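**Q** Starting from these lines, generate the structure:
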Amino acid sequence: MPKTGSVPVVKPFPWGGLIVLACAVFLSVTAEMIPTGLLPEMSTGLGVSESQTGLLISFFAFAVVLTSVPLTMLFRRVPRHLLLMLVLVAIALTSVIGGLAPNFGVLVGARIVGGMAHGVFWGVVGAYSAHLVPKEQIGRAVAITTGGGTLAFVLGVPLATTVGHALGWRAPFLGIGMLALLGAVLIWFLLPRVDHRAHLEVNTDTAAIRAARRRGPLDPTIPVVALICILVAVIMIGNYAFYTYIAPFMIGEMGVPEGQVGLLLLVYGLAGAIGVGTAGILFGRRPSTGLLIALGATGLAVVTLAVFAANPVLAIGAFFVWGVAFGVIPTLLPTQLMHAASPAIRDSASAFYSTAFNAGIGLGALVGGFFLDSFGLTSLPWFYLGALVIGAALLIATPALTRRAQRL
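**A** Next comes the predicted model:
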């Protein structure tokens, strides 16, 4: 805590900067997910099948997986403020190019470059929010920042779909491109600068250097960071194995009319927003506790869906609980990561986290498709439950690794 004379000066909570980061997250996630609600229109307009159009999500996600870590390492000495602004400009340009694309190939290229920019963005944004606040406020800061992603699902994607239906599929791409350029301007003028490179400078403390040599060349927090990344991949695989096919599950197992699926998905998104708020208020300083409770609530919800799918009251209630609990999980996992990782590797840890998260999404859809074809819709919640059990076991193991890293 900085001091003026003998009177301590308490830095105000950086609401403005965190809200700017949340807006940037909102824009980036919306840009990623625009095609999900516009597959038929895009398929017709581009003259390709709907399955090919669906690959636009895959190209984007796998670009994130393959490039986020190497690109984050490549730009590790670039000032974070400048890098975030440039990345948002790249997302804006690729969105505009996508909206003007004359054919499917050009749109694929724009999506791949956009995915690369998105990967760098996620490799920086989580660590940036952690740099803005002291350690005891990291959970609150990360919850505010990641809340932009929840808002993208609650508002951004449905709004983009509505605009696309009214004005054509190109309009949302152009619109999000213009908004992302505005977001870059807001970052330049309103986001506080941080000095992430302070942790990269050469240490002149000879005692510290000798201690570091005794520990070895690797950062002692790397094992716990790796465990958290495995944890997030496992949970995302389970979640998206089920959620990717939630519409046919609703229609086939829950008996929901096709026209009401969108309404229930909106309810799920609103429930997720409640979960994000709960995470920041109740569990910002105790992410492990919040994660265990959320994993348990999610497990109870998916079991209820599996057993009582035909009961509309229980099934819809369980679906709402799943939304709330899963709003907590992606909020607290990066909080857990930022608490565990040393400041020197926060950017790299965020990049690996982004890679694990997106790999989980892609693999979850593939595994879910396999289980759907082999065992039917009813197998999906049970697969998800198994992933949650494994995730809880990994989470329970993290405190021991964290204590070991603190001793080194």
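
**Q** helix or strand right after the lowest-mean-pLDDT helix or strand in the chain?
**A** The helix or strand with the lowest mean pLDDT-type score in the chain, counting by mean pLDDT, DSSP states H and E, is helix 206-215 (a mean of 45). Sequence order places helix 222-243 as the next helix or strand after helix 206-215, per DSSP states H and E.

**Q** quick one: buried residues of that following helix?
**A** Residues of helix 222-243 classed as buried: 222-225, 227-229, 231-243 (neighbour count, 16 or more other Cβ atoms under 10 Å). Using the backbone N, CA and C atoms, a C-beta is placed for each residue, glycine as well.

**Q** what's around Leu314, how many residues?
**A** Applying other Cβ atoms under 10 Å, we find 14 residues neighbouring Leu314.

**Q** Identify the residue nearest it in space, chain neighbours excluded?
**A** Excluding its sequence neighbours, the residue lying closest to Leu314 (Cβ to Cβ, 6 or more residues apart in numbering) is Phe308, at 4.2 Å.

**Q** tally of neighbours for the one you found?
**A** The criterion is other Cβ under 10 Å. On that basis, Phe308 has 15 neighbouring residues.

**Q** pretty sure it is in contact with Ile316, am I right?
**A** No. With the criterion set as Cβ atoms under 8 Å, Phe308 and Ile316 do not qualify as a contacting pair; they are 10.4 Å apart.

**Q** model confidence over stretch 88-100, on average?
**A** Average pLDDT, stretch 88-100: 95.

**Q** I meant stretch 249-268, not that one.
**A** Averaged across stretch 249-268, the pLDDT comes to 78.

**Q** mind checking the end-to-end distance for it?
**A** Using Cα to Cα, to the nearest Å, the end-to-end distance of stretch 249-268 comes out at 15 Å.

**Q** The closest residue to Pro79 other than its chain neighbours sits in which helix or strand?
**A** Distances taken as Cβ to Cβ, 6+ apart place Arg193 nearest to Pro79, at 7.2 Å, with adjacent residues excluded. Under the criterion of DSSP H and E, Arg193 resides outside all helices and strands.

**Q** Please tell me how far Arg193 sits from Leu84.
**A** In this structure, Arg193 and Leu84 are separated by 11 Å, where distance is defined by Cβ to Cβ, to the nearest Å.

**Q** and those two? which has more neighbours close in?
**A** When Arg193 and Leu84 are compared for neighbours, Leu84 comes out ahead with 24 against 12, by other Cβ under 10 Å.

**Q** correct me, but Ala24 touches Val124?
**A** No. Counting by Cβ under 8 Å, Ala24 does not reach Val124; the two are 10.0 Å apart.

**Q** Please identify the helix or strand for the residue nearest to Phe283 when sequence neighbours are not counted.
**A** Of all residues not flanking Phe283 in the chain, Gly290 sits nearest, at 2.8 Å (Cβ to Cβ, 6+ apart). Assigned by DSSP H and E, Gly290 belongs to helix 287-307.

**Q** got the contact list for that helix?
**A** By Cβ atoms under 8 Å, 6 or more residues apart in numbering, the residues outside helix 287-307 that reach it are 139, 235, 242, 249, 254, 275, 279, 282-283, 314-315, 317-319, 321-322, 324-326, 328-329, 332-333, 335-336, 339, 378, 381-382, 384-385, 388-389, 391-392, 395-396, 398-399.
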